[in-house]
Structures are given as structure tokens and as C-alpha cells.
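Asks: Provided below are the primary sequence and the corresponding predicted coordinates.
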Amino acid sequence: MLLIQIVLLVVLVFLVIFVVRQVGVVLRARPGGDAPAPPRLDSLHRLLRILIACEITFGIAWVVATLMLERSLPPALMGFVQEQRKGLEWGLVDWLGTSCLILLIVGWIGLWRLWWRSRTIYTAAWCLGVLSCFFMGPRVSLGPPEAASTLSTGAGGLILGVIYLTDLKHRFGKPQREVASVAA
């Protein structure tokens, strides 16, 4: 199990290095010339897509690492995890989590395509995710899955920053309908 943990940590480190390098490339992109200029919208859109891909990748890494490393828990903690799974009834946390996942998927697709309502949907998914944390109760977590979860949350926070605090925010406004003037 130690070998699996080491491999997962190495993969996470390489993913972080890749993300940092890609973000640096996007932020250094200039529309021409040597003078520093604000990032272009296409560079910000590329950055947004990289962050979406990172959030999804880290989320999947969290699930895979949790499933792979769960058997390496000490017997007392393993008993606690199995005890929690015995009552697989759907409760408030399950409904909030499922709603959050559906909204996240729709939000990711919309943000990827710069759909004007996707910013609201993605923000609602984040709010539901934070709300569900208050009802989760105690849980057992291992290092690599928790690292992947933290990186996924960080990528999500950066996505919120990009869609609210950069020039890309104007792409998510309600589209203006053109009114055809009628010549009388």
C-alpha cells in the first residue's frame, strides 16, 4: 500500500507542476510587442479551460485514491468506515451532494463553452457543496486523497476568481437582444 501512496503522490505532484506551468504560460501571453499588457480574453478562456480540466482531474484522483487506499486503514478506522456504510439510506447530505454534482457538471460544460448562465450555475454548485459540508459529520481520510481533494477545491476557487474577477466576467452577462429599427 505504501507503493500505491507514493505513486499517487508523485502523480499529484506532476499534475500540480503541469498546472503551474500552464497558468504561467497563459499569464505571460501578450497580445504583441514587449510591453506588458493585460491577458487577452482567449488567454483567459484557455486558463479557465485548464482550471476546469484540473478540477475534474483532481476530483477523479480523489475518488480513485480513496477507493484504492481505503483498505490500508488501521482495523479500528476500517471498522468505523464499514459501520458508516451499513446504513445506506438517502439523507440530506446525499441529496445535497447529488445536486451539487449535477450542477457542477452542467456548470463545467457551460463555463467551457462560455454560456452566460453557467457562472450562476457553477456558483450555486459551490454553495451547495459548502452547505453539504455542515451536515457530513465525522469522516476518515487519508493523505493522498485529501491532497487531491484540496487541489480540486483550490482549482475551483481559482475558477471562481477567473469568472468573477477578470475581464472574462463580461462574457457571462445576460446577452443583449438587438432591436431592429423599423423605418417608417
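Replies: That came through fine.
Asks: Now Trp115: which helix or strand?
Replies: In this structure, Trp115 is located outside every helix and strand according to DSSP states H and E.
Asks: okay, now it: neighbour count?
Replies: Using other CB atoms under 10 Å, Trp115 has 15 neighbouring residues. Yep, even glycine has a C-beta here, placed from its N, CA and C like the rest.
Asks: Spit out the contact partners of it.
Replies: Counting by CB atoms under 8 Å, 6 or more residues apart in numbering, Trp115 touches Ile109.
Asks: For it, grab phi and psi.
Replies: Per-residue torsions, Trp115: phi -70, psi 140 (degrees, to the nearest 10).
Asks: what does Pro175 give?
Replies: phi -70, psi 140.
Asks: so what's it up against?
Replies: Contacts for Pro175 (CB under 8 Å, 6+ apart) come out as Trp116.
Asks: pLDDT at it, what is it?
Replies: For Pro175, the pLDDT comes out at 77.
Asks: distance of it from Trp115?
Replies: Going from Pro175 to Trp115 by CB to CB, to the nearest Å gives 10 Å.
Asks: Check Ser72 too.
Replies: Noted for Ser72: a distance of 42 Å to Trp115, by CB to CB.
Asks: Then Ile159?
Replies: For Ile159, the distance to Trp115 (CB to CB) stands at 14 Å.
Asks: quick one: low-confidence ranges for the chain?
Replies: Applying pLDDT under 70 to the chain flags residues 1-5, 8-9, 12, 15-16, 19-39, 85-89, 178-184.
Asks: Go again with 90.
Replies: Within the chain, the segments meeting pLDDT under 90 span 1-47, 50, 54, 61, 63-98, 116, 129-151, 154, 165-184.
Asks: Which residue ranges of it form helices?
Replies: Using DSSP state H, the helices of the chain run over 2-28, 41-69, 75-86, 92-112, 118-133, 143-165.
Asks: what's the closest of those helices to Arg171?
Replies: Arg171 lies closest to helix 41-69 among the helices of the chain, at 7.2 Å (CB to CB).
Asks: and the closest one, how far from the chain's centre?
Replies: For helix 41-69, the separation from the chain centroid amounts to 6 Å (computed by CA atoms, centre = their mean, to the nearest Å).
Asks: try stretch 114-125
Replies: Remark: stretch 114-125 is offset 13 Å from the chain centroid, using CA atoms, centre = their mean.
Asks: now do stretch 99-115
Replies: Relative to its chain's centre, stretch 99-115 lies at 10 Å (CA atoms, centre = their mean).
Asks: Could you list the buried residues of that stretch?
Replies: Residues Ser99, Cys100, Leu103, Leu104, Val106, Gly107, Trp108, Gly110, Leu111, Leu114 are the ones in stretch 99-115 that count as buried (16 or more other CB atoms under 10 Å).
Asks: Adding distance to Leu151, write the residues you listed out as TSV.
Replies: Shown next, in TSV, are these (distance: CB to CB, whole Å):
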residue	distance to Leu151
Ser99	23
Cys100	18
Leu103	21
Leu104	16
Val106	22
Gly107	18
Trp108	16
Gly110	23
Leu111	18
Leu114	24
